[in-house]
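S.K.: compute the structure for the input listed below.
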Amino acid sequence: MKPLVAEIEPILDRAGELKILVLGDLILDEYLWGRVERISPEAPVQVVEWQSSEWVLGGAANVAANLAAVGVHVIVGGIVGSDPPGEQILKLLEGRGIQHEGVVEDPQRPTTHKVRVIAHSQQVVRIDREVHRDISGEVEQELIDWIGDILPGVHGVICSDYMKGALSPSVLAFVAGQARTMGKWLLVDPKGKDYGRYRGAHVLTPNLKEAELACGRPLQSEREIEEGGQSLIDTLGLEAVLITRGRDGLSLCTRGLEGYHLPAAAREVYDVTGAGDTAISFFALALFAGADLKTAAHLANGAAGIVVGKVGTATVGREELLAHWGEEGATSRSKVVSRPEAVRVRNAALSRGQKLVFTNGCFDLLHAGHIKFLEQARSLGDLLIVGLNDDASVRALKGPERPLIGQEERARILAALNCVDYVTLFSELTPEQLIAELKPDVLAKGADYTREQVVGRNIVESYGGLVELIPLVEGRSTSGLVQAIVEKYNSSGKNRKRRISSGKRER
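M.R.: Numbers count the residues shown, from 1 in each chain. I've put the predicted structure just below:
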């Protein structure tokens with residue numbers, strides 16, 4: 001049975017109390033976004049017109065990013081090379097507040113770096129720079145020594161193995177032995193067919209193809225999947241095996257119990273990149289927070305279902321997870337996104353050839369004028385993102401009495417409108433930096449501005465974008481509403497006092 005928000009929310013509430021160690025192969029995923037409009041005259045290949053680039057944490061680093069996105073204190077251990085991709089990984093980890101003293105620099109090997117070229121929401125080509133050999137004995141010992149120091153202070157361990165060498169047999173054996181001795185959960189996302197290297201772990205999370213490879217036979221029916229899972233449990237001394245099955249959901253096999261199968265939670269599948277990382281992240285989070293295996297499987301399935309609806313390697317936020325389980329206002333919650341997520345929305349729109357419209361404002365006391373403006377802005381393109389001033393910036397702009405409505409409520413109200421596709425908060429006094437990050441095709445503002453007064457106009461017009469001024473509804477403004485309310489209630493108060501005074505004189 002699908003758990004209720006009341007069961008999932010306490011798990012997410014505990015996220016900030018947890019300290020989780022993530023070990024494994026750190027990968028830099030680079031995305032080159034563009035459009036395809038012609039075939040090369042030099043060879044029968046598509047010409048991708050480059051439009052933007054993005055660097056994202058992949059592999060074990062993506063596991064860490066998923067946990068950090070819901071407030072977990074994450075500590076990462078792994079290997080990078082002495083190269084620009086390695087520097088970029090460390091920069092991205094630091095930007096997400098992920099502790100990374102356990103990332104060892106190895107000048108003898110390159111950082112694993114995957115470059116994906118995407119056009120119209122499809123990968124055109126992927127270029128990998130990597131090695132598969134195990135780390136050197138010196139680097140291995142440095143990593144083991146660090147793990148030994150950090151392990152006593154964490155609630156559990158996740159190992160993400162992409163067979164790039166960071167999780168050598170010695171590293172895995174040390175982690176498994178220490179985790180068992182200390183009574184800490186150890187979950188492993190495995191690779192290859194020799195699962196003997198994972199002996200001592202509590203849970204493995206292979207995908208279906210990996211499980212078939214490890215079992216040495218096809219697992220086509222739910223019964224065969226259960227038998228395969230029980231075989232791995234018995235052979236390796238595991239507590240459970242969670243098998244992710246892509247579009248068919250996932251299957252949980254536990255020691256001596258009947259298998260538990262969940263259908264896929266995704267409404268739309270755009271990209272399965274990183275879905276396994278997301279699944280193990282949230283399965284582990286639930287277990288470390290004290291949930292049972294079935295509830296953990298539901299959380300993992302829901303999170304993976306959300307992430308495959310996004311293009312590229314992505315993370316899942318708390319609000320998206322609560323929205324998935326049908327909390328009141330779920331649709332509006334899922335439309336309120338962080339700035340990095342707003343950039344990803346923009347990139348996905350670009351790859352699909354969609355026109356992005358952007359506007360911004362405080363939107364304190366939403367009124368008919370706002371709604372008409374937003375509807376007209378949306379009509380200028382395929383997607384409307386609204387940049388919303390946070391409470392601090394509204395106070396700086398409007399005075400200490402404003403806003404009348406807090407930022408979370410203002411965001412939810414805007415997101416509930418059909419004409420608004422996404423809402424993202426910003427703290428600066430102007431949206432200039434946000435506009436530079438989103439690079440909208442159309443910047444919409446009210447016609448009470450002149451074109452020269454529109455903040456971000458130079459940015460948008462520099463790459464061929466448009467600035468559109470929309471006529472405002474006469475006599476409709478938040479300031480006017482506030483003044484009318486104050487006058488009405490002051491007047492009502494005076495009349496009430498007169499009636500009370502008159503009544504006293506009559507008595």
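S.K.: grab the most central residue of this structure for me.
M.R.: Nearest residue to the geometric centre of the chain (C-alpha atoms, centre = their mean): residue 315, 2.4 Å.
S.K.: wait, that one sits on residue 304?
M.R.: No - when contacts are counted by C-beta atoms under 8 Å, residue 315 is not listed as touching residue 304 (11.8 Å). All C-beta atoms are positioned from the backbone trio N, CA, C, and that covers glycine.
S.K.: overlap in contacts, these two.
M.R.: Residues touching both residue 315 and residue 304 (C-beta atoms under 8 Å, 6 or more residues apart in numbering) are residue 278.
S.K.: three-state assignment of residue 452?
M.R.: Using DSSP: H, G, I helix; E, B strand; the rest coil, the structure places residue 452 in helix.
S.K.: distance of residue 384 from residue 462?
M.R.: Computed with C-beta to C-beta, to the nearest Å, the distance linking residue 384 and residue 462 is 22 Å.
S.K.: what about residue 365, neighbour count?
M.R.: 19 (other C-beta atoms under 10 Å).
S.K.: wait, I meant residue 34
M.R.: That count, for residue 34 with other C-beta under 10 Å as the rule, works out to 20.
S.K.: quick check: phi and psi on it?
M.R.: phi -170, psi -170 (degrees, to the nearest 10).
S.K.: and it, what are its bridge partners?
M.R.: residue 50, residue 119 (DSSP bridges).
S.K.: OK, contacts around the residue nearest to the centre of the chain?
M.R.: 62, 65, 66, 68, 69, 278, 307.
S.K.: low-confidence bits of the chain, can you list those?
M.R.: 1-5, 121, 265-274, 308-314, 323-334, 351, 473-507 (pLDDT under 70).
S.K.: switch the cut-off to 50
M.R.: Scanning the chain for pLDDT under 50 picks out the ranges 1, 269-271, 327-330, 499-507.
S.K.: how is it carved up into domains?
M.R.: Domains of the chain are assigned by automatic domain parsing as 5-327, 339-476.
S.K.: SS state for the nearest residue to residue 218 once chain neighbours are set aside?
M.R.: Of all residues not flanking residue 218 in the chain, residue 212 sits nearest, at 5.8 Å (C-beta to C-beta, 6 or more residues apart in numbering). Following three-state DSSP, we place residue 212 in the helix state.
S.K.: more crowded one of residue 384 and residue 462?
M.R.: residue 384 (24 against 10).
S.K.: would you check that that one makes contact with residue 359?
M.R.: Yes - Residue 384 lies in contact with residue 359 (C-beta under 8 Å); the separation is 7.2 Å.
S.K.: give me the common contacts of the two.
M.R.: 374, 377.
S.K.: hey, where'd the helices end up in the stretch 201-350 of the chain?
M.R.: Along the stretch 201-350 of the chain, the segments classed as helices by DSSP state H, counting those that start in this stretch run 208-215, 222-236, 275-288, 293-307, 318-324, 330-335, 339-351.
S.K.: any chance of the ones you listed in TSV, plus mean neighbour count and distance to residue 30?
M.R.: Output for the helices of the stretch 201-350 of the chain, formatted as TSV (neighbours: other C-beta atoms under 10 Å; distance: least, C-beta to C-beta, whole Å):
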stretch	mean neighbour count	distance to residue 30
helix 208-215	20	25
helix 222-236	18	34
helix 275-288	27	17
helix 293-307	25	18
helix 318-324	22	24
helix 330-335	18	27
helix 339-351	21	12
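S.K.: dump those helices to JSON lines, plus distance to residue 52.
M.R.: Output for the helices of the stretch 201-350 of the chain, formatted as JSON lines (distance: least, C-beta to C-beta, whole Å):
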{"stretch": "helix 208-215", "distance to residue 52": "33"}
{"stretch": "helix 222-236", "distance to residue 52": "41"}
{"stretch": "helix 275-288", "distance to residue 52": "23"}
{"stretch": "helix 293-307", "distance to residue 52": "21"}
{"stretch": "helix 318-324", "distance to residue 52": "23"}
{"stretch": "helix 330-335", "distance to residue 52": "22"}
{"stretch": "helix 339-351", "distance to residue 52": "6"}
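S.K.: mind checking how far residue 455 is from residue 359?
M.R.: Note on residue 455: its distance to residue 359, by C-beta to C-beta, is 11 Å.
S.K.: among those two, which residue is more densely surrounded?
M.R.: residue 359 (25 against 15).
S.K.: nearest residue to that one in space, please, no chain neighbours.
M.R.: residue 444 (4.4 Å).
S.K.: and after the host helix or strand of the one you found, which helix or strand comes next?
M.R.: Counting by DSSP states H and E, the element that carries residue 444 is strand 442-446. The first helix or strand that comes after strand 442-446 along the chain, using DSSP H and E, is helix 457-462.
S.K.: got the angle for the helix or strand just after that following helix vs strand 442-446?
M.R.: On the C-terminal side of helix 457-462, the nearest following helix or strand under DSSP H and E is strand 466-470. Computed by axes from the mean of the first three to the mean of the last three C-alpha atoms, to 10 degrees, the angle separating strand 466-470 from strand 442-446 equals 20 degrees.
S.K.: for strand 466-470, the distance to its chain's centre please.
M.R.: Computed by C-alpha atoms, centre = their mean, to the nearest Å, the chain-centroid distance of strand 466-470 equals 31 Å.
S.K.: tally of neighbours for residue 25?
M.R.: 23.
S.K.: what residues are up against it?
M.R.: 59-60, 78-79, 112, 160-167 are the contacts of residue 25 under C-beta under 8 Å, 6+ apart.
S.K.: tell me the phi and psi of it?
M.R.: According to degrees, to the nearest 10, residue 25 has phi -80, psi 120.
S.K.: just to revisit the earlier point, which one of the helices of the stretch 201-350 of the chain lies nearest to residue 149?
M.R.: helix 275-288 (20.0 Å; C-beta to C-beta).
S.K.: so what does that closest one touch, helix or strand wise?
M.R.: strand 19-24, helix 60-69, strand 156-160, strand 185-189, strand 240-244, helix 293-307 (3 or more C-beta pairs under 8 Å, 6 or more residues apart in numbering; DSSP states H and E).
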